[in-house]
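Novice: Sharing a model that was predicted from the sequence below.
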Amino acid sequence: MSDLAAPGPPSGTAKLFIRQSSGLVRNVSVTNALFFNVAAFVGVGLTLYPIFYSLAFVPVWKFAGLSEYGWAAIAAGLFCVVLAVIFASLTSVMPRSGGDYVFTSRIVHPFLGWMESWTLVIASVLIIAFEVPLVLRNLQITARIIGIGPGGHFFDNANTWFTDSTGGITGTPGFLGSLVVLAVIGLVCVLPTRTFHRVVTALAGFGVAAFVGMFIFGLAATSRSSFETNLPKYTGGVTAQKIAASGQADFIAGNSHHFLSDLFSTTVFPFMLSILLFQYIGFQYSAYIAGEVRGNVKRGVLVALLGALLIGVLANSFYVDAISDHFGFATNVSWGASYWGFNSHLSALPMGQPNSMPLLAAVANHGLWPIWALISLAGVVFPFLLCPVYINFISRMQLAWSLDRQLPEWFGQVSERLRAPLNAIIATLGLTALFLFFQSYNALPHVLATTGNKLNLAGTAWFSITMAILTWAMPGVNALLVRFRRPDLVRNAPFAKALPWLGLVWLVFPVWVYVFAVFKPIEKALSGSGKLHYLESNGILDALIFYGIGLAIYLAMRLRTRSAGVDTKMLFTELPPD
């Protein structure tokens, strides 16, 4: 899309608003879309799923062999099937890059479409900033596994790589290491579209193979007794029993005797569900690049979403629970809590590392270190791969913004060589670098920091969850309203008659989670003495600032388009160009 000069006096040339093709090419197959989604939501989970048991900061119960986290994964997955059907239905009649931004801005209102997508961009950039240091962390863990195997001073001291004096991947060493990772991510982002998706598919396939390898070899080639016997050699004498006992009071709830009441709890389970929303965000992102998916869009999007979702549910329930039980469930929960800084009963993080599954396997059976190192390497690849995938879908949404004049045209201009909006990609990389800076240095005002004067990983995760409210809610609102507000758009949509009911069913889930896991704790904090500390440490104040920035950008661009004479009402009546 471009602005072409209209005839007029030489002293003041007017601009004529004309919609042109987006410049994107349909080069994405169903297989590409499936692995795009897998890459978009697995991230560090391939090897580090056990650390997420304790991120909700609630006691973890078990029922019928599955943990509370596993049951939350299944419950969230069942609701996400409904979300997948909604996306497949709307995408089939609006196959444009931009995903739910296009739907919301046409069905409800351009302002809500902008705010939904703006907050999704910030939430996604925060997730990238969350993943990048964990790429370095998994690189350390891979080296530690080699140290446990053949050994060597270089590998034995991997805990000091990219760290400052505190031992954390922060400060100047952590920031410089993160910038190197971000630079490589940038190189992947600017690959031509077809090459980009080939790389994503190949690396995501390697990651899925590592899932299978960890499950088979982790259970068949190791034992809990050998793990517990060998562990003190690497932890300075700290035993698995001591680690397990350290989290018993705060994080281990034992077996549930009231499963249904625990499942519908308004005080504990919603927090675990919110962590699963953080984990699952991304499984639907191929819908945001629908303008590049070739063939039957409904089939392609539905297969990609449901296929990725199935992998996510299995990985976050049976996979992680089986391996955590194998090495000691209480040990894994308590160790993970120590990594987040929640477990005050452990004076130091065991082995100086989070409880990575291949690392635990290497402790149990060091003779198979090449297998564990290869799986851990996949744990390096997956969080790395998530980042260019996120930037790819973000740039397509930013392209949709520029086509709708929510941002200047140059911002989303598609490069002919890359077939991608290069300026949008560069802007996203720059914003990610800014968040990485604030994770690395004490440069934030205390009121905006989640710890000290900077962001920490746990705070960044909750910041992202808060920013994603509209992302999870608006698809349900769109499905509920589309047949009444824009029946012309869904006249030929699959599942059209069921859309209002699907929207209603889906809305139950995010409303339940955000009311009891976000809004209720905020209300409770505001009525207590530590209200400011809660808002700071959970990224709530930071989220409010970015909601305000989004509002300011919308108003500024609204005034700009009006002064240019653009008919925004007509603009948002039509779909963006293909």
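Specialist: Cool, got the structure.
Novice: Give the burial count for Leu310, as a bare number.
Specialist: 13 (other Cβ atoms under 10 Å). Any C-beta I mention is one placed from the backbone N, CA and C, and that applies to glycine too.
Novice: With Ala517 instead?
Specialist: So Ala517, with other Cβ under 10 Å, has 24 neighbours.
Novice: Assign it to helix, strand or coil.
Specialist: Of the three states, Ala517 takes helix under DSSP: H, G, I helix; E, B strand; the rest coil.
Novice: ok, it to Val212 distance?
Specialist: Using Cβ to Cβ, to the nearest Å, Ala517 is found at 33 Å from Val212.
Novice: next SSE after the helix of greatest length in the chain?
Specialist: Counting residues, the longest helix found in the chain (DSSP state H) is helix 110-148. Later in the chain than helix 110-148, the nearest helix or strand by DSSP states H and E is helix 153-156.
Novice: List of residues touching the one helix or strand Ile243 maps to?
Specialist: Per DSSP H and E: Ile243 is located in helix 240-246. Contact with helix 240-246 is made by 227-228, 231, 252, 327-328, 330-331, 334-335, 338, 343, 345-346, 350, as judged by Cβ atoms under 8 Å, 6 or more residues apart in numbering.
Novice: out of those residues, what pair is the most spread apart?
Specialist: Phe227 and His345 (20.8 Å; Cβ to Cβ).
Novice: Neighbour count for those two, which is higher?
Specialist: Higher neighbour count among Phe227 and His345: Phe227, with 20 against 15, using other Cβ under 10 Å.
Novice: And the closest residue to that one other than its chain neighbours, what's its pLDDT?
Specialist: Excluding its sequence neighbours, the residue lying closest to Phe227 (Cβ to Cβ, 6 or more residues apart in numbering) is Ala364, at 3.8 Å. Looking at Ala364, its pLDDT stands at 95.
Novice: From Ser338, how far off is Ala364?
Specialist: In terms of Cβ to Cβ, Ala364 sits 20 Å off from Ser338.
Novice: now swap in Pro370 and tell me
Specialist: 28 Å.
Novice: So for those two, which residue has more residues nearby?
Specialist: Neighbour count, other Cβ under 10 Å: between Pro370 and Ser338, Ser338 has more, with 24 against 12.
Novice: Helix or strand: which one has that one?
Specialist: Using DSSP H and E, Ser338 falls in helix 329-340.
Novice: how far does the next helix or strand after that helix sit from the chain's center?
Specialist: Using DSSP H and E, the helix or strand that follows helix 329-340 in sequence is helix 357-364. Helix 357-364 sits 26 Å away from the centroid of its parent chain (Cα atoms, centre = their mean, to the nearest Å).
Novice: Show residues contacting helix 357-364.
Specialist: 47-50, 141, 144-145, 148-149, 214, 217-218, 221-224, 226-227, 230-231, 234, 323, 327, 351, 353, 368-369, 372-373, 375-376, 379.
Novice: So for Ala308, what's the pLDDT?
Specialist: pLDDT at Ala308 comes out at 87.
Novice: which residues does the closest residue to it other than its chain neighbours contact?
Specialist: The shortest distance from Ala308 to any non-neighbouring residue, by Cβ to Cβ, 6+ apart, is to Asn37 (3.5 Å). The contact partners of Asn37, by Cβ under 8 Å, 6+ apart, come to 282-286, 304-305, 307-308.
Novice: Can you pull the phi/psi pair for Gly237?
Specialist: The phi/psi pair for Gly237 (degrees, to the nearest 10) reads phi 100, psi 0.
Novice: what are the ranges of the helices in the stretch 201-350 of the chain?
Specialist: 224-230, 240-246, 248-251, 259-263, 269-280, 297-314, 320-327, 329-340 (DSSP state H, counting those that start in this stretch).
Novice: which stretch among these comes nearest Val180?
Specialist: Here helix 329-340 is closest among these (Cβ to Cβ), at 23.2 Å.
Novice: between the closest one and helix 357-364, how many degrees?
Specialist: Computed by axes from the mean of the first three to the mean of the last three Cα atoms, to 10 degrees, the angle separating helix 329-340 from helix 357-364 equals 120 degrees.
Novice: how far away is the closest residue to Ala129 other than its chain neighbours from Ala56?
Specialist: Leaving aside its chain neighbours, Ala129 sits nearest to Phe435 (3.8 Å; criterion: Cβ to Cβ, 6+ apart). Look at Phe435 and Ala56: by Cβ to Cβ, they are 23 Å apart.
Novice: more crowded one of those two?
Specialist: Ala56 (24 against 20).
Novice: Quick one: residues contacting the nearest residue to that one once chain neighbours are set aside.
Specialist: In this structure, Ala56 finds its nearest non-sequential neighbour in Phe271, 4.0 Å apart by Cβ to Cβ, 6+ apart. Contacts for Phe271 (Cβ under 8 Å, 6+ apart) come out as 56-58, 517.
Novice: so how far is Leu544 from Phe271?
Specialist: Counting by Cβ to Cβ - Phe271 and Leu544 are separated by 21 Å.
Novice: Look up phi and psi at Phe509.
Specialist: phi -70, psi -60.
Novice: re earlier: how near is the residue nearest to Ala308 to Val200?
Specialist: Taking Cβ to Cβ, one finds Asn37 at 10 Å from Val200.
Novice: Great, nothing more from me.
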